[in-house]
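Participant: model this:
(chains A and B)
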Amino acid sequence: MNLLLIFIAAAVTNNFVLTYFLGICPFIGVSNKLESAFGMGMATTFVMTLAATATWLINHYLLMPLRIEFLEYVTFILTIASLVQLVEMFIRKTSPELYRALGIYLPLITTNCAILGLTLFIALRDYEFLEAIIFGFGAGVGFTLALIIMAGIREELEFADVPKPFEGTGITLIIAGLLALAFMGFGGLIAS
Amino acid sequence: MVLSVMLTMIGLGVLFAGILAVANQKLKVEEDPKIEELSQKLPGLNCGACGFPNCREFAKGIIEGNKEALETTCRVAGADVIEFISKIAPIEKTLAGKIAVAFCGAKDKDRTKRAVYKGIATCRSANLLSGGGMNCEYGCLGFSDCAKVCPFDALEMEDGLPKIDPAKCVGCGKCVKACPRGIIELMPSDTDNLVIVACRSKYAGAVVRKICPVGCIGCKICEKLSGGIFFMEDNLSKLRLERRKEDVDWDEIIKKCPTKTIVRVK
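Facilitator: Below is the predicted model of the structure:
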């Protein structure tokens, strides 16, 4: 039950993008097409789950016993960067189309604050191993969810009659704000 | 503690490097080595004039025989690179041969204003905000958006007007996109006498008279003198591109233009 709560909290009520406002760059940048939004969401979910697992292990079996927890920022960034490299190679090999569609945003997962935020949250909240993995996966699902909702709306927007000054980035940011408001409605789902 | 910190960081670094090295071997993408070779030869400016996102994609297009890549070729590359490409792929051995030309001749002092613009100093924002206070809604705004995007330093501002150096301009078209008023256009540079009407105004002659000393007033003198090489459209004289190479007295036409709107590009 606890694991389920963690999952729902990470994915919906405390959605990383729409509640914590982490990872806004890909949220705006890769959300113009449903397909690449989904790919980006999957890549980020993969990196998030792996990063949660790897950093938990590093934190608990390396940093904590040696009492050098102050290194968590540096080691976590190092871990995330390596994981992203790995994912990039993998995607390039398996799906060149997705690789091209994601473009610059794929290596930018490295500096996606949602992932660093995730690993630091895990350290801060003292999650158990399984909880950490579920939390990472849930955060990834939440990220994907936000991206897909955004992409769906933006695809419809192509045919909408948007006032001239709001075209492009303007209307996108307004929609992002409205989505964040909507997600606040989930706040009562879990008493925290 | 310092030692354990150092060992931890070095250890983690080596571990991840090892994993990545193995992955790099296992997940290597087989690619034609010619693509790498060609993209090394290309200018590497990623200007996008060929229609591909970067030089590497263009090189890939050439090697894979992509029709678009073969037809557009690289406008920036010198003759030697074109020669190199023509050896490995069936392309035309000519450069695209276009240069950017600005269709406005009104310098700072020529522009009449109805308001003072003090906003963000870019053409794009000035154009949005009531045309930067300028009376002419077709002319150059003079905030050098075009010069800022030029990757080749071929454009510099002189008296508030873009001055294009035909020797440096390769016709990549970045300035064409940057200009919010569409004043800059790519023109063929295959002729010795490129003479144009440096104005885009569609106002009637009387209106032009009031707001700009060098705007086209539609007097049709050039049309008569050139025997129809220049023609009138929307109160504006234009050059018939297909007749640009004809042997007429271009200097006479330039001299007879009452507002000195017609100018020689090269």
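Participant: Could you give the separation of stretch A:61-80 from the chain centroid?
Facilitator: Mean C-alpha position of stretch A:61-80 versus that of the full chain (C-alpha atoms, centre = their mean, to the nearest Å) differs by 21 Å.
Participant: Kindly report the same for stretch A:14-32.
Facilitator: Relative to its chain's centre, stretch A:14-32 lies at 7 Å (C-alpha atoms, centre = their mean).
Participant: how about the residues of chain B that lie near chain A?
Facilitator: Contact residues (C-beta under 8 Å from any C-beta of the partner chain) of chain B with chain A: B:1, B:4-5, B:8-9, B:12-13, B:16, B:19-20, B:23-24, B:27-29, B:53. Every residue, glycine included, has its C-beta placed from N, CA and C.
Participant: Ranking helices and strands of chain A by mean pLDDT, which lands last?
Facilitator: Every helix and strand in chain A was compared by mean pLDDT, DSSP states H and E; the lowest is helix A:96-102, with a mean of 77.
Participant: Now the helix or strand just after it - C-alpha only, PDB.
Facilitator: Sequence-wise, the next helix or strand downstream of helix A:96-102 (DSSP states H and E) is helix A:113-125. C-alpha atoms of helix A:113-125 as PDB (Å, rounded to 0.1, in the frame of the first residue of the first chain):
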ATOM      1  CA  CYS A 113      16.800  19.000 -13.100                       C
ATOM      2  CA  ALA A 114      13.900  16.600 -12.600                       C
ATOM      3  CA  ILE A 115      16.300  13.700 -12.500                       C
ATOM      4  CA  LEU A 116      18.800  15.400 -10.100                       C
ATOM      5  CA  GLY A 117      15.800  16.500  -8.100                       C
ATOM      6  CA  LEU A 118      14.500  12.900  -8.000                       C
ATOM      7  CA  THR A 119      17.800  11.500  -6.700                       C
ATOM      8  CA  LEU A 120      18.100  14.200  -4.100                       C
ATOM      9  CA  PHE A 121      14.500  13.700  -2.900                       C
ATOM     10  CA  ILE A 122      15.300  10.000  -2.400                       C
ATOM     11  CA  ALA A 123      18.300  10.800  -0.300                       C
ATOM     12  CA  LEU A 124      16.400  13.500   1.600                       C
ATOM     13  CA  ARG A 125      13.300  11.400   2.300                       C
END
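Participant: related to what we said a few turns ago, and the contacts of the least confident helix or strand of chain A?
Facilitator: The set of residues external to helix A:96-102 that reach it, using C-beta atoms under 8 Å, 6 or more residues apart in numbering or on different chains, is A:Val30, A:Lys33, A:Glu35, A:Ser36, A:Gly39, A:Met40, A:Ala43, A:Glu88, A:Ile91, A:Arg92, A:Leu106, B:Val29.
Participant: 7 Å - rerun?
Facilitator: Helix A:96-102 has contacts (C-beta atoms under 7 Å, 6 or more residues apart in numbering or on different chains) with A:Val30, A:Ser36, A:Gly39, A:Met40, A:Ala43, A:Ile91, A:Arg92.
Participant: near chain B, which of these show up?
Facilitator: For chain B, the contacts drawn from those by C-beta under 7 Å from any C-beta of the partner chain are A:Arg92.
Participant: Now that we have the contacts of helix A:96-102, which of them are buried?
Facilitator: Neighbour counting over the contacts of helix A:96-102 (16 or more other C-beta atoms under 10 Å in any protein chain shown) leaves A:Val30, A:Ser36, A:Gly39, A:Met40, A:Ala43, A:Ile91, A:Arg92 as the buried ones.
Participant: which among the residues of chain B next to chain A end up buried?
Facilitator: With neighbours counted by 16+ other C-beta under 10 Å, these contain buried members at B:Thr8, B:Leu12, B:Phe16, B:Leu20, B:Ala23.
Participant: Now, these that are in helices?
Facilitator: Of the positions in these, B:Thr8, B:Leu12, B:Phe16, B:Leu20, B:Ala23 sit in helices, assigned by DSSP state H.
Participant: Closest residue of chain A to chain B?
Facilitator: A:Ser82 (3.8 Å; C-beta to the nearest C-beta).
Participant: these two touch, right, that residue and B:Phe16?
Facilitator: Yes: between A:Ser82 and B:Phe16 there is a contact under C-beta atoms under 7 Å: 3.8 Å.
Participant: which stretches of chain A have low pLDDT?
Facilitator: Residues of chain A meeting the criterion pLDDT under 70: A:1, A:191-192.
Participant: biggest helix in it by residues?
Facilitator: Assignment by DSSP H gives helix A:129-157 as the longest helix of chain A.
Participant: ok now the next helix or strand after it, how far from the chain's centre?
Facilitator: Sequence-wise, the next helix or strand downstream of helix A:129-157 (DSSP H and E) is helix A:169-184. Taking C-alpha atoms, centre = their mean, the mean C-alpha location of helix A:169-184 is offset from the chain mean by 17 Å.
Participant: related to what we said a few turns ago, from the buried ones among the residues of chain B next to chain A, pick the one nearest chain A.
Facilitator: Taking C-beta to the nearest C-beta as the measure, chain A lies nearest B:Phe16 of these, at 3.8 Å.
Participant: gap between the closest one and B:Gly132?
Facilitator: Per C-beta to C-beta, to the nearest Å, B:Phe16 is found 54 Å from B:Gly132.
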